[in-house]
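Student: Build the 3D model from these lines:
(one chain, ligands or ions: 1)
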Amino acid sequence: MLDHVRIVMVNTTHSGNIGAAARAMKNMGLSRLVLVDPIATIDEEAIQRSSRAEDILHNVVIVPTLEDAVADCSLIIGTSARSRHIPWPLMTPRQAAAKAREMIPAGNETALVFGRESRGLTNEELHLCTAHVHIPTESSFSSLNVAQAIQVLCYEMRLALAEPVLSGEDEEDGQWGVPWDHPLATHAELEGLFQHMESTLIDIGFLDPNTPKQLMPRMRRLFQRAAMDKTEVNILRGMLATIGKNRKPG
Ligand code: SAH
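Tutor: Below you'll find the predicted structure:
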């Protein structure tokens, strides 16, 4: 199941941190590292700090945006050293690993997203995530080195996911305790819904694009919390299309 978990590092500045992250991952049995628009390159320092996890560095995937990194994922966990403006579902590393344990057998890909050394993830990046994880720390000194934060999350993923699956029945039951009829929507499908919703809300005059306030972040939070399946997303998009079609001109 660890194969279905990817580590995503956003705009990493220090190559040593990429190497140390690869080592932390390999120790725990993870192998998929995605770098979003990295500032550092995979240089000699990265290779040294990876110890003998060079294979992970060779297989690294580099993408321009966070959206590209998580498009096919249904569980996207953003990590943060501090709390942010709008409250978002917040988990401990252990709870996040338990969530991955529920969702992966049903075919859902998981991403763990880590921010810049200097300033973490932006609010917009955190709003792309299903849930946030904060590693419990002293409140006055809450920021870990990014590779050490990756180590903690990978350790929890290993404890939750690496043990042998005991029964096939368990696999089928998925996250709500019964076999589900449709797979969960992916990030790209949810993004399609959010864009459709935003443009419809602007068209019908509910959302003023000049003063959007926090409407769309709140809608994202609501619908990401609902863990919608593909059919549910299609139904909502059908509703939006009908609202758009029936709108009275003027
Ligand atoms: N000064 C930045 C800290 C960045 S630390 C800020 O205030 O946001 C770099 C990255 O390490 C973070 O983006 C996060 O991915 C991870 N990280 C550091 N400390 C963490 C913690 N206590 N819990 C979860 N992730 C943490």
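
Student: Only C-alpha atoms from now on, for both contacts and neighbour counts.
Tutor: Fine.

Student: Would you indicate which residues of the helix or strand harbouring residue 237 are buried?
Tutor: Assigned by DSSP states H and E, residue 237 belongs to helix 230-246. For helix 230-246, the neighbour count (16 or more other Cα atoms under 10 Å) marks 230, 233, 234, 237, 240, 244 as buried.

Student: Over to stretch 102-114?
Tutor: Neighbour counts over stretch 102-114 (16+ other Cα under 10 Å) mark 102, 103, 104, 105, 106, 108, 109, 110, 111, 112, 113, 114 as buried.

Student: and the ligand, which of the residues you listed contact it?
Tutor: Checking the buried residues of stretch 102-114 against the ligand by Cα under 6 Å from any ligand atom, the ones in range are residue 114.

Student: which ones among the buried residues of stretch 102-114 are found in strands?
Tutor: Counting by DSSP state E, those place 109, 110, 111, 112, 113, 114 in strands.

Student: So the third one is in contact with residue 79, correct?
Tutor: No - taking Cα atoms under 8 Å as the definition, residue 111 is not a contact partner of residue 79, at 10.6 Å.

Student: where are the low-confidence patches of the protein?
Tutor: Low-confidence segments of the chain, defined by pLDDT under 70: 163-174, 248-250.

Student: same thing but at 80, please
Tutor: 83-85, 163-177, 248-250 (pLDDT under 80).

Student: Look up which helix or strand the residue nearest to the spatial centre of it falls in, please.
Tutor: Closest to where the C-alpha atoms of the chain average out (Cα atoms, centre = their mean) is residue 76, at 1.9 Å. Assessed by DSSP H and E, residue 76 sits inside strand 73-79.

Student: after that strand comes which helix or strand?
Tutor: Assigned by DSSP H and E, the successor of strand 73-79 is strand 90-91.

Student: Touching, residue 146 and residue 17? I think so.
Tutor: Yes - Residue 146 is within contact range of residue 17, at 7.0 Å (criterion: Cα under 8 Å).

Student: check contacts around residue 23.
Tutor: Contact partners of residue 23, counting by Cα atoms under 8 Å, 6 or more residues apart in numbering, are 49, 50, 51, 52, 53.

Student: ok, 6 Å please
Tutor: If a contact means Cα atoms under 6 Å, 6 or more residues apart in numbering, then residue 23 has 50, 53 as its contacts.

Student: quick one: what helix or strand has the nearest residue to residue 50 once chain neighbours are set aside in it?
Tutor: Spatially, and ignoring its direct neighbours in sequence, residue 50 is nearest to residue 19 (4.1 Å; Cα to Cα, 6 or more residues apart in numbering). Per DSSP H and E, residue 19 falls inside helix 15-28.

Student: does any part of that helix sit near the ligand?
Tutor: No - for helix 15-28, no contact with the ligand is found by Cα under 6 Å from any ligand atom; the gap never falls below 10.1 Å.

Student: go on, stretch 150-167?
Tutor: No - applying Cα under 6 Å from any ligand atom, one finds stretch 150-167 out of contact with the ligand, separated by at least 7.3 Å.

Student: CA atoms of that stretch as PDB?
Tutor: Extracted as PDB, the C-alpha positions of stretch 150-167 are listed here (Å, rounded to 0.1, in the frame of the first residue of the first chain):
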ATOM      1  CA  ILE A 150       8.800  13.900   6.000                       C
ATOM      2  CA  GLN A 151      10.500  11.300   8.300                       C
ATOM      3  CA  VAL A 152       7.700  11.600  10.900                       C
ATOM      4  CA  LEU A 153       4.900  11.200   8.300                       C
ATOM      5  CA  CYS A 154       6.600   8.400   6.500                       C
ATOM      6  CA  TYR A 155       7.100   6.500   9.800                       C
ATOM      7  CA  GLU A 156       3.400   6.800  10.600                       C
ATOM      8  CA  MET A 157       2.500   5.700   7.000                       C
ATOM      9  CA  ARG A 158       4.700   2.700   7.500                       C
ATOM     10  CA  LEU A 159       3.100   1.700  10.800                       C
ATOM     11  CA  ALA A 160      -0.400   2.000   9.300                       C
ATOM     12  CA  LEU A 161       0.200   0.600   5.800                       C
ATOM     13  CA  ALA A 162       3.100  -1.800   5.700                       C
ATOM     14  CA  GLU A 163       1.600  -4.600   7.700                       C
ATOM     15  CA  PRO A 164       0.100  -7.500   5.700                       C
ATOM     16  CA  VAL A 165      -3.600  -7.100   4.900                       C
ATOM     17  CA  LEU A 166      -5.300  -9.900   6.800                       C
ATOM     18  CA  SER A 167      -8.500 -10.500   4.900                       C
END
